[in-house]
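Colleague: Structure of the sequence below:
(2 chains)
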Number of protein chains: 2
Amino acid sequence: MNGAGEARPLAILCGGGGFPLEVARVARANGRTPFIVGIVGSSDPAIEAFPHVWVHMGQVGKMFGALEERAIAEIAIVGAMTRPEFADLRFDWGALKRAPELGQLFRGGDNRLLAGIAGIFEREGLRVVGAHEIAPQLLAPLGPIGARAASSEAEADARVGAALLSALSPFDAGQGVVVANARVIAIEAAEGTDAMLARVADLRSSRRLRFQGPAGVFVKAPKRDQDLRLDMPAVGPKTIEAASRAQLQGVALAAGRVLVADRREFSRAADEAGLFVLGVAP
Amino acid sequence: MNGAGEARPLAILCGGGGFPLEVARVARANGRTPFIVGIVGSSDPAIEAFPHVWVHMGQVGKMFGALEERAIAEIAIVGAMTRPEFADLRFDWGALKRAPELGQLFRGGDNRLLAGIAGIFEREGLRVVGAHEIAPQLLAPLGPIGARAASSEAEADARVGAALLSALSPFDAGQGVVVANARVIAIEAAEGTDAMLARVADLRSSRRLRFQGPAGVFVKAPKRDQDLRLDMPAVGPKTIEAASRAQLQGVALAAGRVLVADRREFSRAADEAGLFVLGVAP
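Modeller: Now for the predicted structure:
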């Protein structure tokens, strides 16, 4: 589509936050031509810096119309999606025609919902790609990120957390856990990572959880069988803020399986808060 | 010790709440002679209705002195124990003499702490018995408790929750989970059951979790390898209140492995709140 005749067009369906735009910029730097599908009420208005279309959740027909017009064959789904309620969706004819079974998607965990959405794209002949494929620079590497090193105790806590998340995988629950001094402190489910870390902060500040000084590791990893194209876990500078309020020692990320948004600011914030960040073998 | 020369004396180390006294009364009805060890700041002052001694946490020597005086060979540990901080314990000489490794107990989960405490009793020649052994009438039976029946969907949610708790067993984390419409909503760890159910109530009332009407099941079960003499999970009328505030459909308990405090009031509260309670095969 551009002068070089090389850059393949790529749609990015954008959830909330600034991360989808970072992915779009990196994808462009990698030689792609992003076309943004913005969701009214969710996506950052800054998407308008790219070629784009706005749709309401459920306007499947309008979205596919825009993609067909541009002969787009690949789509990435990026950013925090608020799990919609069935009653809030604005289905158009294009939605009902394509997915008479839409209502079924809303029974079960997030994986099932996202897999159903991906199925709708795929039946339409689109290839669903992951943010990690179009912007691999954003993945957590193995080893330390930032200046601080993890103690061997903290590394042991990280291993316990990673094993716990692995054991939870079949249940399509959360992607995060906090382990401190070999004790499991908090496990994420529907409340999400921010609320889980806020809970740990509360347990510390109310002294229901009493440690001397910083304690514990927040471990983030996708479910073992998670389709990373659909729901790659992501962290960013706000994760560091939340981990710091929870008085943790650090953060452990499944290397190659967790995206780090705004890496420079993320590292700077971690160093300033005195937190280690460690990419661990998933 | 009593006139019949039959009733074997039995110590009950009492945590908080009224449940230890219910166990003491049932044990007495079963022919035992309870002697209560009350923990200053934790146990209900009503323990004074029984022969008793008050000790501070850590006064191991004073406690063993009282038990020896009465030739007591069995002890049950009953009721909610606040996990103490090492710094808050008032060790006496009897404690230091018996357990030079006390500090080690505070690294790891609750199972490890309780197992260490049981070890101290056992090295002293005492047999540690469970509330379920001295008051088996208090265990959740298999099948419905109260008037309301579970739907087949709710039973399926209960099975998911039980399987999840089983998968979490090796991690010595929580004993409770909430599953709604096949989705894992909340998993208990250090915050405890009450806080977890309050979280679900918040997710519902803030409409971050949106269901039509009551939804979901709170499942409670001990860890697979949990020593039930030391940390048998327990529910009571307050569990029903919390489940009702969380807008659940019901409560599922591992039959024969969860204690039900104040059963009459528990059933009445469940019926009144429209909640089912189901004892499930563990």
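Colleague: quick one: contacts of the helix or strand of chain A with the lowest mean pLDDT?
Modeller: Within chain A, no helix or strand scores below helix A:93-98, which has a mean of 75 by mean pLDDT, DSSP states H and E. Residues outside helix A:93-98 that contact it (Cβ atoms under 8 Å, 6 or more residues apart in numbering or on different chains): A:58-65, A:89, A:102, A:120, A:123-124. The way it works is simple: take the backbone N, C-alpha and C, and place the C-beta from them, glycine included.
Colleague: Just the closest of those to chain B, please.
Modeller: Among these, residue A:89 lies closest to chain B (Cβ to the nearest Cβ), at 12.4 Å.
Colleague: Not counting its neighbours along the chain, what's nearest that closest one?
Modeller: If the residues on either side of it in the chain are set aside, residue A:89 comes closest to residue A:58, at 3.5 Å by Cβ to Cβ, 6 or more residues apart in numbering or on different chains.
Colleague: residues contacting that neighbour?
Modeller: A:84, A:89, A:90, A:91, A:92, A:95.
Colleague: What are the phi and psi values at it?
Modeller: Note on residue A:58: its backbone torsions stand at phi 100, psi -10 [degrees, to the nearest 10].
Colleague: pLDDT at it, what is it?
Modeller: The score at residue A:58 is 81. That number is its pLDDT.
Colleague: Between the two ends of stretch A:31-51, what distance do you get?
Modeller: 15 Å (Cα to Cα, to the nearest Å).
Colleague: just stretch A:179-195 next, same as before
Modeller: End residues of stretch A:179-195 are separated by 16 Å (Cα to Cα).
Colleague: Could you give the bridge partners of the residue lying closest to residue A:187 once chain neighbours are set aside?
Modeller: Distances taken as Cβ to Cβ, 6+ apart put residue B:187 closest to residue A:187, at 4.1 Å, once the chain neighbours are dropped. Per DSSP bridges, the residues bridged to residue B:187 are residue A:187, residue B:177.
Colleague: Look at residue B:187 and say how many residues are nearby.
Modeller: For residue B:187, the neighbour count with other Cβ atoms under 10 Å in any protein chain shown is 29.
Colleague: repeat for residue A:94
Modeller: Neighbours of residue A:94 (other Cβ under 10 Å): 17.
Colleague: what about the closest residue to it other than its chain neighbours, which SS state?
Modeller: In this structure, residue A:94 finds its nearest non-sequential neighbour in residue A:61, 1.6 Å apart by Cβ to Cβ, 6+ apart. Three-state assignment for residue A:61 (DSSP: H, G, I helix; E, B strand; the rest coil): helix.
Colleague: Phi, psi for residue A:128 please.
Modeller: Main-chain dihedrals, residue A:128, degrees, to the nearest 10: phi -90, psi 120.
Colleague: Residue A:275 too?
Modeller: Dihedral angles for residue A:275 - degrees, to the nearest 10 - are phi -100, psi 140.
Colleague: what's the neighbour count on it?
Modeller: The number of residues packed near residue A:275 is 22, by other Cβ under 10 Å.
Colleague: Next, the buried residues of the longest helix anywhere in chain A.
Modeller: Among all segments of chain A classified by DSSP state H, the helix with the greatest residue count is helix A:152-168. Neighbour counts using 16 or more other Cβ atoms under 10 Å in any protein chain shown place A:154, A:155, A:157, A:158, A:159, A:160, A:161, A:162, A:164, A:165, A:167, A:168 of helix A:152-168 among the buried residues.
Colleague: Residue A:139 bridge partners, please.
Modeller: Here residue A:139, judged by DSSP bridges, has bridge partners residue A:259.
Colleague: what are the ranges of the strands in chain A?
Modeller: Taking DSSP state E, the strands of chain A run over residues A:9-14, A:33-39, A:52-55, A:74-78, A:127-129, A:143-145, A:176-180, A:183-187, A:217-220, A:234-235, A:250-254, A:259-260, A:276-280.
Colleague: Tell me which residues are up against the last one.
Modeller: Contact partners of strand A:276-280, identified using Cβ under 8 Å, 6+ apart, comprise A:140-146, A:148-150, A:154-155, A:158-159, A:162, A:219, A:240, A:249-256, A:266-267, A:270.
Colleague: I'd like to know which of those residues are buried.
Modeller: A:140, A:144-146, A:148, A:150, A:154-155, A:158-159, A:162, A:219, A:240, A:249-255, A:266-267, A:270.
Colleague: Tell me, how many residues neighbour residue A:130?
Modeller: For residue A:130, the count of nearby residues is 19 (other Cβ under 10 Å).
Colleague: Would you mind measuring from it to residue A:232?
Modeller: Distance of residue A:130 to residue A:232, computed by Cβ to Cβ, to the nearest Å: 6 Å.
Colleague: before we move on, what about residue A:16?
Modeller: Plainly put, residue A:16 is 15 Å away from residue A:232 if you go by Cβ to Cβ.
Colleague: who's more crowded, the two?
Modeller: Legend: neighbour count by other Cβ under 10 Å for residue A:16 and residue A:232, higher for residue A:232 (22 against 15).
Colleague: which intervals of the stretch 1-150 of chain A have sub-threshold pLDDT?
Modeller: Within the stretch 1-150 of chain A, the set of residues satisfying pLDDT under 70 comprises A:1-7, A:81-87, A:99-112.
Colleague: how about the helices in it?
Modeller: For the stretch 1-150 of chain A, the helices defined by DSSP state H, counting those that start in this stretch occupy A:19-29, A:60-69, A:93-98, A:110-123, A:131-134.
Colleague: Buried by neighbour count: which residues of the first one qualify?
Modeller: By neighbour count, with 16+ other Cβ under 10 Å as the criterion, the buried positions of helix A:19-29 are A:19, A:20, A:21, A:22, A:23, A:24, A:26, A:27, A:28.
Colleague: Quick check, the fifth one in contact with residue A:136.
Modeller: Pointing back at residue A:23 there. No - between residue A:23 and residue A:136 there is no contact under Cβ atoms under 8 Å: 10.7 Å.
Colleague: check contacts around the residue lying closest to residue A:186 once chain neighbours are set aside.
Modeller: Closest residue in space to residue A:186, ignoring its immediate chain neighbours: residue A:178 at 4.4 Å, by Cβ to Cβ, 6+ apart. Residue A:178 sits next to A:161, A:184-186, A:196-197, A:200, A:216-219, A:246, A:248, B:189 when contact means Cβ under 8 Å, 6+ apart.
Colleague: now residue A:178: how far from residue A:36?
Modeller: Residue A:178 is 35 Å from residue A:36, by Cβ to Cβ.
Colleague: what does residue A:54 give?
Modeller: Distance of residue A:54 to residue A:36, given as Cβ to Cβ: 9 Å.
Colleague: Surely residue A:161 is in contact with residue A:219?
Modeller: Yes - using Cβ under 8 Å, residue A:161 makes contact with residue A:219 at a distance of 3.1 Å.
Colleague: Overlap in contacts, those two.
Modeller: Contact with both residue A:161 and residue A:219 is made by residues A:177, A:178, A:179, A:252, according to Cβ under 8 Å, 6+ apart.
Colleague: Could you count how many residues lie near the first one?
Modeller: Applying other Cβ under 10 Å, we find 30 residues neighbouring residue A:177.
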